[in-house]
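Participant: Next comes the sequence, and after it the predicted model I'd like to discuss.
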2 protein chains.
Amino acid sequence: MLETQVEVSVRQRLMDSAVLLFTTRGYAATSVREIVEMAGVTKPALYYHFESKEGIYLAILDELVKIADEGIAASRVASGTARQRLEAFLLGIYALFETKKAWVRMINAVFWGPAQGAPPFDFETFHRKLRNVLAEIVAEGIAAGELRAADREDVTLALMGVLSFNMDLDLAHPELGLGRDGLRRVLDILFAGLAAPALTPAHQETSQ
Amino acid sequence: MLETQVEVSVRQRLMDSAVLLFTTRGYAATSVREIVEMAGVTKPALYYHFESKEGIYLAILDELVKIADEGIAASRVASGTARQRLEAFLLGIYALFETKKAWVRMINAVFWGPAQGAPPFDFETFHRKLRNVLAEIVAEGIAAGELRAADREDVTLALMGVLSFNMDLDLAHPELGLGRDGLRRVLDILFAGLAAPALTPAHQETSQ
């Protein structure tokens, strides 16, 4: 039992070290030696858990996909209005991000950064899953008359944009990020509309 | 006259080649030889215009800042409602992005990617300028009663998020980006609000 916990911890430490090095130095420039030194373990420990640098890189991405899948499933609320479900979902994804910031930062580095010879990985999966859940709830909300009749792709982009930009701000400028409370406030503004109530001619145009 | 045009063209070709190489291979892995080969010129041409790899890198960033400054100034409309000015500004910035996509893509690569030994550069300037213009118009719109009474930082994040995410989508997945027309539609939705008119209790809460 204790042995298993130690192994989990070594495995986790190796992954966290690799995440940091892949982010700051890049995949190509990072060596197995640097990863084990930062994790405070020996090379055989890395080979035992991951076989190679390529192995630990793919294990990190696989674990992130697993966490994301669980988070998407857990944040998806079955009951409530479309707005309540969308807010619960987006805030749940943001909370998940808060537990794995360094890992998301690595994804940004790998995704946007120059090719580094890392093994190929389907980065679209997470984005597509998020997008699909949102688009589905939006479509249901529009069909139920809860959300304004609009193109669901447009509405989904607005929601993804606010979520994604708040995450990026937090990663790039922690002092500017609005956090989870800020995301909640921004979503409230989005649902109510930026325009002052009296000056929203669209109310007449789209009222049912 | 002709000679000057040729020189401008060589200079531009060198910069476009360097942008592409810094993006795909990274700053560290790119050599002066590769840049001049891609541009179809000789090494002395690069040394004449930029002195070094560091020089062309900084010249690219300086030119982008200059273009951005001009774009920000040009997109800033003095008259109209806050909504009209915000939309004109955001669509103007998006139009600017469309003319320099490869360059913005390089900024993403350098900003998010691993450190590559490139000379330091203040990447915050553009972001801060954009943000300040938006926050200022938002504050004026709230003060004038044109925009819903809300925290201007929150409203600014919503606008920046939609702009930024639409650009990132276009860079990462051109097939998913909504383009300038899509940005206009999303902004319309943002101002009117996602919630269907009849179901927006915030109307009562914040009416003046």
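Facilitator: Sure thing, it's come through.
Participant: all helices in chain A, in order from the N-terminus.
Facilitator: A:2-24, A:32-39, A:43-50, A:53-75, A:82-99, A:101-112, A:124-143, A:152-172, A:179-192, A:202-206 (DSSP state H).
Participant: Pipe those helices into JSON lines and attach mean pLDDT and distance to B:Tyr57 per row.
Facilitator: Any C-beta I mention is one placed from the backbone N, CA and C, and that applies to glycine too. Converted to JSON lines, these look like this (pLDDT from 0 to 100; distance: least, C-beta to C-beta, whole Å):
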{"stretch": "helix A:2-24", "mean pLDDT": "87", "distance to B:Tyr57": "19"}
{"stretch": "helix A:32-39", "mean pLDDT": "97", "distance to B:Tyr57": "26"}
{"stretch": "helix A:43-50", "mean pLDDT": "96", "distance to B:Tyr57": "35"}
{"stretch": "helix A:53-75", "mean pLDDT": "93", "distance to B:Tyr57": "28"}
{"stretch": "helix A:82-99", "mean pLDDT": "95", "distance to B:Tyr57": "32"}
{"stretch": "helix A:101-112", "mean pLDDT": "94", "distance to B:Tyr57": "17"}
{"stretch": "helix A:124-143", "mean pLDDT": "92", "distance to B:Tyr57": "30"}
{"stretch": "helix A:152-172", "mean pLDDT": "95", "distance to B:Tyr57": "20"}
{"stretch": "helix A:179-192", "mean pLDDT": "96", "distance to B:Tyr57": "34"}
{"stretch": "helix A:202-206", "mean pLDDT": "46", "distance to B:Tyr57": "46"}
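Participant: Highest mean neighbour count out of the ones you listed?
Facilitator: helix A:152-172 (a mean of 22; mean count of other C-beta atoms under 10 Å in any protein chain shown).
Participant: Quick check: which helices or strands does it pack against?
Facilitator: Contacting helix A:152-172 under the criterion 3 or more C-beta pairs under 8 Å, 6 or more residues apart in numbering or on different chains; DSSP states H and E are the following elements: helix A:82-99, helix A:101-112, helix A:124-143, helix A:179-192, helix B:152-172, helix B:179-192.
Participant: Which among those helices is found nearest to B:Met15?
Facilitator: For B:Met15, the closest of these is helix B:152-172, at 18.6 Å, according to C-beta to C-beta.
Participant: Taking their axis directions, the closest one and helix B:101-112 sit at what angle?
Facilitator: Put simply, helix B:152-172 runs at 110 degrees to helix B:101-112, going by axes from the mean of the first three to the mean of the last three C-alpha atoms, to 10 degrees.
Participant: got the angle for helix B:152-172 vs helix B:179-192?
Facilitator: Using the same axes, to 10 degrees, one finds that helix B:152-172 and helix B:179-192 are set 160 degrees apart in direction.
Participant: and helix B:152-172, C-alpha only, in PDB?
Facilitator: Only the C-alpha atoms of helix B:152-172 are listed here, as PDB (Å, rounded to 0.1, in the frame of the first residue of the first chain):
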ATOM      1  CA  ARG B 152     -15.900  47.800 -17.100                       C
ATOM      2  CA  GLU B 153     -13.100  45.200 -16.700                       C
ATOM      3  CA  ASP B 154     -15.700  42.400 -17.000                       C
ATOM      4  CA  VAL B 155     -17.300  43.900 -20.100                       C
ATOM      5  CA  THR B 156     -13.800  44.500 -21.600                       C
ATOM      6  CA  LEU B 157     -12.900  40.900 -21.000                       C
ATOM      7  CA  ALA B 158     -16.000  39.700 -22.800                       C
ATOM      8  CA  LEU B 159     -15.100  41.900 -25.800                       C
ATOM      9  CA  MET B 160     -11.400  40.900 -25.800                       C
ATOM     10  CA  GLY B 161     -12.400  37.300 -25.400                       C
ATOM     11  CA  VAL B 162     -14.600  37.200 -28.400                       C
ATOM     12  CA  LEU B 163     -12.100  39.100 -30.600                       C
ATOM     13  CA  SER B 164      -9.100  37.000 -29.400                       C
ATOM     14  CA  PHE B 165     -10.800  33.600 -29.600                       C
ATOM     15  CA  ASN B 166     -12.100  34.300 -33.100                       C
ATOM     16  CA  MET B 167      -8.500  35.100 -34.200                       C
ATOM     17  CA  ASP B 168      -7.000  32.100 -32.500                       C
ATOM     18  CA  LEU B 169      -9.700  29.900 -34.100                       C
ATOM     19  CA  ASP B 170      -8.800  31.300 -37.500                       C
ATOM     20  CA  LEU B 171      -5.000  30.600 -36.900                       C
ATOM     21  CA  ALA B 172      -5.500  27.100 -35.400                       C
END
